[in-house]
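S.K.: Okay, structure incoming, though there's no sequence with it:
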C-alpha cells in the first residue's frame, strides 16, 4: 500500500473516532479516570449548580464558588459580593443568603457578584482542575440544553462529574447525567457502565421526575425545611439556560 | 408516666427498629460507611463470587481467596490445593486453572481446596475485614436465595459490597445487589440512593437479564474470549445455592 493510501486511511479513522464520555458517581472515583484534556461537567443538582445557573441567568456578574465559610466571608468583603451558604436548610451564621435558586431573581442579583460556599460541588470542581481538565463547566436541569449544545459543539472527551453527598452516590446528580447522555450519546463513544446506568435511570423516571425525587435521600434531608418547591425547580429543564464556565476562580457565562 | 410504661415504650421502639442496609458501588466508597458490626456481602458476579459458590456447592473443602499470584502459588504448595486465576481470559502462568465456574464440577473439585486469585473481590473482602465487619460472606446469582435467607435470619445491619472493576462502578454487581434488595427490603430500613438505584436497575432488567448483560463493559471485556455461556450462568439464580462464609482466611460453607 502506498503512502497516499495510508494517509487517507488514517484520515478516515480519525473522522470516525468520536470523543469518549464517562460518568463519575462520586468525587472519590475521579482519580480512576483520565481527566486530562477533557471537559468536566460539575453536577450538584440539589442545589449548588442549579443556583449557579439561575444567578448567572438572572444577570449575576459572576459566581465565586468556595469551600469554606471563612473564605466566603473574606471574598465577600474583598469583592463586595453577596455571601451565601446553608447548612441544614438554614443560612450559615455570618453569611447573608442561602443556597436556594429562588433567592436570586433578576431584580436582586443583576450585576452583582455571588460568593457561594458549597461542600460537595466545590470540592469536585477543585479536584477536576487539579487533575488537568481542559475546561470545567457546571450542569443542572435549569441549564440542561446549554450544557448539551456545548458538549456536542466542542467535540472533546467528556467527564460528567456527580458531586454526590459527602462522597455518597446520589440519585439527583445521576439523573442529570442520564438526561445529558440521552440527548448527546450519538456524538460520543460510551463504554462506561455508570453512563449506561444513568441513562437507564433517567429514561425510567423522566415521565415523572418530580414525583420520583421524593424517594431520594436528599429530598428527605431538605424537604423537612420546606424546600419542596425549590427541589422541584431543580429538576425542571431549561429555566436558566446559560453555560457557567470556570475561569480564574470565577464562574461566568461562557 | 411511670417507669413501667417507659420500659414498655422502649421495648416497643426496639421491636420496630429494623436493621439498616446500604449498597457500596466501589471498594473506594467503603470507608464512607460504618461497617462495624455489619454483615458485608462481597459481590463479584463476573466471576469470582460465582465461582466460589459453585466450587463449594460442588464439594470443595474450602476456597482460599488471595490477591496475588505469588500468594496463590505459595498457598497451593502449602495446602496441596488447586491454584486458579486468570488475566484477560487466560490461565495465569504458574497456576493450574482459570476463573470459570464451569471448571469446577463435583467430579473434579469434591473434597479439594481451591486457592483462587482474584483482584477486585479479594481486595474488597480484605478491606471489609479491616473495617470491622462482624461477618463476611460472598454473594452471586448462583447463591442468591442462600444469601437472602441468611440476611433475613441474622437481623443485623447489612452492607452489599460491589467489587466493581478496578474501582469502577459495574452493572453486574449492582444488578445482584438489586436482586437481593428486591427480595429482602421489607426486613430492613433502607435510606440509601445506591440501593434504590440497584433495585430499580434489577427490576427494569430482570425479565431479560441475559440479554441486558451483553451491554455491560465487562461482557465486552470477557466475551471476546468465548466466555458467553459462563457469563450467562453467572446471572442465573440458585444454581449453587450455598452460603460461603469467611473464617480465618478461608471461605467455607456456613
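M.R.: Happy to help now that I have it. These numbers come from a predicted model, not from an experiment.

S.K.: Where do the helices of the stretch 51-200 of chain A begin and end?
M.R.: A:69-79, A:106-109, A:120-130, A:144-154, A:171-184, A:193-205 (DSSP state H, counting those that start in this stretch).

S.K.: If you count neighbours, what's buried in the third one?
M.R.: What it means is helix A:120-130. Residues A:120, A:121, A:122, A:123, A:124, A:125, A:126, A:127, A:128 are the ones in helix A:120-130 that count as buried (16 or more other Cβ atoms under 10 Å in any protein chain shown). Any C-beta I mention is one placed from the backbone N, CA and C, and that applies to glycine too.

S.K.: possible to save those as TSV with distance to residue A:163 and pLDDT?
M.R.: Below are the buried residues of helix A:120-130 laid out as TSV (distance: Cβ to Cβ, whole Å; pLDDT from 0 to 100):
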residue	distance to residue A:163	pLDDT
A:120	4	89
A:121	4	90
A:122	9	88
A:123	7	88
A:124	5	94
A:125	8	94
A:126	12	90
A:127	10	93
A:128	11	94
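
S.K.: List just the nearest of those to chain B.
M.R.: Comparing these against chain B with Cβ to the nearest Cβ places residue A:120 closest, at 12.6 Å.

S.K.: what residues are up against the residue found closest to that closest one once you drop the neighbours it is linked to in the chain?
M.R.: The shortest distance from residue A:120 to any residue other than its chain neighbours is 3.9 Å, reached at residue A:163 (Cβ to Cβ, 6 or more residues apart in numbering or on different chains). Contacts for residue A:163 (Cβ atoms under 8 Å, 6 or more residues apart in numbering or on different chains) come out as A:27, A:42, A:43, A:44, A:48, A:49, A:120, A:121, A:123, A:124, A:173.

S.K.: redo that, cut-off 10 Å
M.R.: Residue A:163 sits next to A:24, A:26-27, A:42-46, A:48-49, A:118-125, A:138, A:170, A:172-173 when contact means Cβ atoms under 10 Å, 6 or more residues apart in numbering or on different chains.

S.K.: now do residue A:43
M.R.: So residue A:43 contacts A:23-24, A:49-50, A:120-121, A:124, A:138-141, A:147, A:160-164, A:170, A:172-177, A:180 (Cβ under 10 Å, 6+ apart).

S.K.: ok, back up a step: now, of the helices of the stretch 51-200 of chain A, which is deepest in the fold?
M.R.: Compared across those, helix A:171-184 shows the largest average neighbour count, a mean of 25 (mean count of other Cβ atoms under 10 Å in any protein chain shown).

S.K.: Run through chain A and note the low-pLDDT ranges.
M.R.: By pLDDT under 70, the low-scoring segments of chain A are A:1-16.

S.K.: just the strands in it please.
M.R.: For chain A, the strands defined by DSSP state E cover A:21-24, A:39-43, A:62-66, A:82-84, A:86-87, A:90-91, A:113-117, A:135-139, A:158-162, A:244-247, A:250-253.

S.K.: partner strands of the fifth one, parallel or antiparallel?
M.R.: What it means is strand A:86-87. Using DSSP bridges, the strands paired with strand A:86-87 are strand A:90-91 (antiparallel).

S.K.: thinking again about what came up before, so for residue A:198, which of the strands of chain A sits nearest?
M.R.: Nearest to residue A:198, of all the strands of chain A, is strand A:21-24, at 5.2 Å by Cβ to Cβ.

S.K.: So which residues on the stretch 51-200 of chain A come close to chain B?
M.R.: Contact residues, the stretch 51-200 of chain A versus chain B (Cβ under 10 Å from any Cβ of the partner chain): A:164-175, A:190-198, A:200.

S.K.: The same query, at a cut-off of 6 Å, please.
M.R.: Taking Cβ under 6 Å from any Cβ of the partner chain, the part of the stretch 51-200 of chain A that reaches chain B is made up of A:167, A:168, A:169, A:170, A:171, A:191, A:193, A:194.

S.K.: so can I have TSV of the residues you listed showing distance to residue B:75?
M.R.: Listed next are these as TSV, based on distance: Cβ to Cβ, whole Å:
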residue	distance to residue B:75
A:167	35
A:168	36
A:169	35
A:170	41
A:171	42
A:191	35
A:193	32
A:194	35
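
S.K.: what is residue A:117 paired to in the beta sheet?
M.R.: Residues in beta-bridge contact with residue A:117 (DSSP bridges): residue A:66.

S.K.: again, but for residue A:41
M.R.: residue A:137, residue A:160.

S.K.: Report the separation between it and residue A:209.
M.R.: Going from residue A:41 to residue A:209 by Cβ to Cβ, to the nearest Å gives 19 Å.

S.K.: Same question for residue A:185.
M.R.: For residue A:185, the distance to residue A:209 (Cβ to Cβ) stands at 19 Å.

S.K.: returning to what we had before: any chance of the strands of chain A in CSV, with distance to residue A:220 too?
M.R.: Shown next, in CSV, are the strands of chain A (distance: least, Cβ to Cβ, whole Å):
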stretch, distance to residue A:220
strand A:21-24, 24
strand A:39-43, 20
strand A:62-66, 26
strand A:82-84, 23
strand A:86-87, 16
strand A:90-91, 17
strand A:113-117, 23
strand A:135-139, 24
strand A:158-162, 19
strand A:244-247, 28
strand A:250-253, 29
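
S.K.: on that earlier part again, for the residue nearest to residue A:120, give me phi and psi.
M.R.: Phi and psi for residue A:163, reported as degrees, to the nearest 10, are phi -70, psi -20.

S.K.: looking at the sheet around residue A:23, what are its partners?
M.R.: Bridge pairing for residue A:23 - DSSP bridges - gives residue A:160.

S.K.: What is the neighbour count of it?
M.R.: Residue A:23: 29 surrounding residues under other Cβ atoms under 10 Å in any protein chain shown.

S.K.: tell me the contacts of it?
M.R.: A:160, A:177, A:194, A:195, A:198 (Cβ atoms under 6 Å, 6 or more residues apart in numbering or on different chains).

S.K.: how many other residues sit next to residue A:68?
M.R.: If you count neighbours by other Cβ under 10 Å, residue A:68 ends up with 12.

S.K.: From residue B:123, how far out is it?
M.R.: Taken as Cβ to Cβ, the span from residue A:68 to residue B:123 is 34 Å.

S.K.: Kindly report the same for residue A:220.
M.R.: Distance from residue A:220 to residue B:123, by Cβ to Cβ: 33 Å.

S.K.: for residue A:109, same thing?
M.R.: To residue B:123, residue A:109 is 48 Å away according to Cβ to Cβ.

S.K.: Residue A:252 now?
M.R.: From residue A:252 to residue B:123 the distance is 43 Å (Cβ to Cβ).

S.K.: now do residue A:192
M.R.: 21 Å.

S.K.: just residue A:235 next, same as before
M.R.: As judged by Cβ to Cβ, residue A:235 and residue B:123 stand 36 Å apart.

S.K.: next one: residue A:97
M.R.: 45 Å.

S.K.: Equivalent analysis for residue A:91, please.
M.R.: 43 Å.
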